[in-house]
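S.K.: Here is the input, now give the coordinates:
(chains A, B, C and D)
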Number of protein chains: 2
Amino acid sequence: MTLAHTILVVLMGEPNSGYGIRSRFEEDVQFFWQASHQQIYRELGKMENQGWISPTVVAQEGKPDKKVYAITDSGRQELLRWCTEPTAPTAIREDLMVRILAGPYMDRGMLIEEVQDRRDFHQQRLEDCREREQWFRDHSDLPLVEKFRYLNLQRGILFEKSWVDWCDRVLELLRSPDLSTIFEES
Amino acid sequence: MTLAHTILVVLMGEPNSGYGIRSRFEEDVQFFWQASHQQIYRELGKMENQGWISPTVVAQEGKPDKKVYAITDSGRQELLRWCTEPTAPTAIREDLMVRILAGPYMDRGMLIEEVQDRRDFHQQRLEDCREREQWFRDHSDLPLVEKFRYLNLQRGILFEKSWVDWCDRVLELLRSPDLSTIFEES
DNA sequence: AGAAACATGTAACCAGTTACATGATTAC
DNA sequence: GTAATCATGTAACTGGTTACATGTTTCT
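M.R.: Numbers count the residues shown, from 1 in each chain, chains lettered A, B, ... in the order given. Take a look at the predicted model:
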């Protein structure tokens, strides 16, 4: 039930609407958790039933009404409880790796193109991360909350970097006849 | 439907039973795809209905009968078709990262312990990977199928390494007062 | 005597995805 | 006018997890 707890963490900062929470997910949560608005609204309903959050309908000018949720004491308690539980590493399920396993039976050129596309994708994300990193570095003496966000960004950077590195290595191999350079040192 | 296609790739090598496929998943597929036996048996049923695989019941001495599945022409065609589709990066959903975001509101010592445990876990996996890497290096001139497996192992190594690196960095920060060393160079 | 490996399945549940559905305001 | 942003929801489907269920052989 980590989606619920991710939402609780967001609401620890300040009360927010489903739409607002969604936006926060797109900002800094994006690297390690994502959820569609449908999922968030459904989860918010469940969490309200549990008593972890309580809604207030806020009328707005020029905008539709919004339902702003605030974390309750019960919600805070639940988050605390969840934080004492050990986390388990998430199982990886990666299509591209299955594609690699299928490599011996497939067209080499097609595979190279696929890996190249992925390399570009992760390179782009890496650059985006680095830009955000610069923002953090420009604002020293940030509040604690921001420092922890920075740690997440660091995870994102290392993650994207490891993808780019792997793609580069694989591309070199795939382009060599019979993958002959496979055991050369990196 | 990548589970089905992962199974198809396994069956490209040789016909296999549900149990055998499960074992293959535990060996080299484990780094990027995993499935319980329940899931595999269910999927095999669906795939048989689709005509991608065909079963033969094999009686064995001292062991229960097994249902050995072989890939059909239709299955081979489907795998080929799937391989022309572009892959999309898998969304990351990582509990530990949510825990980090909750960091500002939680006990520091608890968080350090959690990260330390994860560091140990990934370090262990990294060492396992490196052992298997050595096996590949000791057997040069491997068949193509093995060379592609090696590429997957490389992904696993870079993946685990990036986890260990990140944990190390985070631990150093968490142990410094107010995360003061946060912007020091890595 | 008990655990591990071999072997296959059903049923219920939970979480994530996709499609459908509506409607105002603001910026280009 | 058209897209983007703000704002909230329902319904059906798919895929993954957990629990239940059975039975043999081999190794310690």
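
S.K.: what does chain A have sitting close to DNA strand D?
M.R.: When proximity is defined as Cβ under 7 Å from any atom of the strand, chain A approaches DNA strand D at A:17-20, A:23, A:37-38, A:41-42, A:44-45, A:60, A:63-67, A:91, A:93. Backbone N, C-alpha and C define where each C-beta goes, glycine included.

S.K.: which intervals of chain A have sub-threshold pLDDT?
M.R.: A:185-186 (pLDDT under 70).

S.K.: Would you show me how to pick out the buried ones of the residues of chain A next to DNA strand D in ChimeraX?
M.R.: This is how ChimeraX selects the buried members of the residues of chain A next to DNA strand D, with burial counted by 16 or more other Cβ atoms under 10 Å in any protein chain shown:
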select /A:17,18,20,44,66,93
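
S.K.: Just the ones in strands from the residues of chain A next to DNA strand D, please.
M.R.: A:S17, A:K66, A:K67 (DSSP state E).

S.K.: Excluding covalently adjacent residues, which one is nearest to the first one?
M.R.: In space, not counting the residues next to it along the chain, A:S17 is nearest to A:K66; the distance is 4.2 Å by Cβ to Cβ, 6 or more residues apart in numbering or on different chains.

S.K.: who does the one you found bridge with?
M.R.: In this structure, A:K66 bridges to A:V58 when assessed by DSSP bridges.

S.K.: That one against A:P55, yeah?
M.R.: No - counting by Cβ atoms under 8 Å, A:K66 stays clear of A:P55, with 9.7 Å between them.

S.K.: Around DNA strand C, which positions in chain A sit nearby?
M.R.: So far as Cβ under 7 Å from any atom of the strand goes, chain A lies against DNA strand C at A:M1, A:T2, A:L3, A:Q34, A:A35, A:S36, A:Q38, A:Q39, A:G62, A:K63, A:P64.

S.K.: Name only those of those that count as buried.
M.R.: Burial by neighbour count, judged by 16+ other Cβ under 10 Å, picks out A:T2, A:L3, A:Q34, A:A35 from the residues of chain A next to DNA strand C.

S.K.: possible to save those residues as a markdown table with secondary structure?
M.R.: Listed next are these as a markdown table, based on DSSP: H, G, I helix; E, B strand; the rest coil:
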| residue | secondary structure |
| --- | --- |
| A:T2 | helix |
| A:L3 | helix |
| A:Q34 | coil |
| A:A35 | coil |
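
S.K.: sec struct for the closest residue to A:E94 other than its chain neighbours, please.
M.R.: Excluding its sequence neighbours, the residue lying closest to A:E94 (Cβ to Cβ, 6+ apart) is B:F32, at 4.3 Å. On the three-state scheme (three-state DSSP), B:F32 is labelled coil.

S.K.: Just give me the neighbour total for B:F32.
M.R.: Neighbour count of B:F32, defined by other Cβ atoms under 10 Å in any protein chain shown: 23.

S.K.: Pop out the phi and psi values for it.
M.R.: The phi and psi values for B:F32, taken as degrees, to the nearest 10, are phi -140, psi 0.

S.K.: Assess the claim that it and A:I92 are in contact.
M.R.: Yes - judged on Cβ under 8 Å, B:F32 makes contact with A:I92 at a distance of 5.1 Å.

S.K.: Do you have the helices of chain A handy? List them.
M.R.: When assigned using DSSP state H, the helices of chain A occupy the ranges A:2-13, A:18-24, A:37-50, A:73-84, A:95-101, A:108-138, A:144-175.

S.K.: Among those helices, which comes closest to B:E27?
M.R.: In terms of Cβ to Cβ, the element of these nearest to B:E27 is helix A:95-101, at 11.7 Å.

S.K.: What helices and strands are in contact with the closest one?
M.R.: Using 3 or more Cβ pairs under 8 Å, 6 or more residues apart in numbering or on different chains; DSSP states H and E as the contact test, the elements touching helix A:95-101 are helix A:108-138, helix B:2-13, helix B:144-175.

S.K.: Try it again at 10 Å.
M.R.: For helix A:95-101, the elements it packs on are helix A:108-138, helix A:144-175, helix B:2-13, helix B:73-84, helix B:144-175, judged by 3 or more Cβ pairs under 10 Å, 6 or more residues apart in numbering or on different chains; DSSP states H and E.

S.K.: Out of these, indicate the one that is most buried.
M.R.: Among the helices and strands packed on helix A:95-101, helix B:2-13 has the highest mean neighbour count (mean count of other Cβ atoms under 10 Å in any protein chain shown), at a mean of 22.
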